[in-house]
Structure formats: C-alpha cells, structure tokens
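Asks: From the sequence below, what's the structure:
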Amino acid sequence: MGPIWPSYFTHCSCVIFMVDSANIFQISSSCIQLLSVLSAPSLRAASVLVIFNKRDLPCTMTLPEMRSLFRMDDIIASATQPITTLETSARSGQGLREVLSWLDTNTMSR
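Replies: Here you go, the predicted model:
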C-alpha cells in the first residue's frame, strides 16, 4: 500500500478495490494490500467492493477460483466491513451495471 493512502481514508464510507485477475502473480500481493486496507481503523465501517477485473481475457480463472485463491471467504468472515465481490471487464463493460448498482446502494444511504 502506498504510504500516502491512509491519509485518504478519513471520511471514506466506501472502498472499491480492483484486482487484475489476469495477473495471477500479483494475487497474493493484492490480497495483502486488501488486508491492509481492511485493517485501517478509519475504514472499520466502510462498505467494500472487491472487483475482479479483466474477466474477458482467456487467461483468467473463474470467479470461484479467484475467490478461493484470494481466500475471500476467510476475509469476509473476519472483516468488520460488509464486503461484496464482483467480476468485470472494463473493456467490454461486463459487470458495470452491477458496480453502478452497488455504488448507488452504498453511497445513497450515507
């Protein structure tokens, strides 16, 4: 995590954490970054959306495989924040409606 990131966490009600699902070599690093974000005291109550992007590429794993490798079930069970996972393709627009719906739901009530 960049050393300046925590300075942006104050007054933050939602977090969108995007994972490059085509780069399996960065999955463990991304997982560590997510755990670091989730442990920030100022984000204890923030809603979190984890987006597995680049789903349109042939080299990506399935969403259940990504969630398993990322240990999302364990993270969700131990986190204080509500966490949602979605898969997207920024190139094709797949999953964009779901992301916008999540944003609408999680920003309108705050």
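
Asks: Please, which helix or strand holds residue 103?
Replies: Here residue 103 is covered by helix 96-108, with elements defined by DSSP states H and E.

Asks: Apologies, that question was intended for residue 64.
Replies: helix 63-70.

Asks: Would you mark the buried spots in that helix?
Replies: Using 16 or more other Cβ atoms under 10 Å as the test for burial, helix 63-70 gives 66-67, 70. Using the backbone N, CA and C atoms, a C-beta is placed for each residue, glycine as well.

Asks: Following element in sequence after the helix-or-strand element of the chain with minimal mean pLDDT, please.
Replies: When each helix and strand of the chain is scored by mean pLDDT, DSSP states H and E, helix 63-70 comes last, with a mean of 85. Proceeding N to C from helix 63-70, the next assigned helix or strand is helix 72-78, under DSSP H and E.

Asks: Tell me which residues touch residue 19, please.
Replies: Residues in contact with residue 19 (Cβ atoms under 8 Å, 6 or more residues apart in numbering) are 27, 30, 50-53, 66, 70.

Asks: Just the CA coordinates for the helix or strand containing it, please, in PDB.
Replies: Using DSSP H and E, residue 19 falls within strand 14-20. In PDB, the C-alpha atoms belonging to strand 14-20 read as follows (Å, rounded to 0.1, in the frame of the first residue of the first chain):
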ATOM      1  CA  CYS A  14     -16.900   3.100   0.600                       C
ATOM      2  CA  VAL A  15     -13.900   1.400  -0.800                       C
ATOM      3  CA  ILE A  16     -13.500   0.000  -4.300                       C
ATOM      4  CA  PHE A  17     -10.600  -2.400  -4.500                       C
ATOM      5  CA  MET A  18      -9.800  -3.600  -8.000                       C
ATOM      6  CA  VAL A  19      -7.800  -6.800  -8.700                       C
ATOM      7  CA  ASP A  20      -6.200  -7.600 -12.000                       C
END
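
Asks: Good, we can wrap up now.
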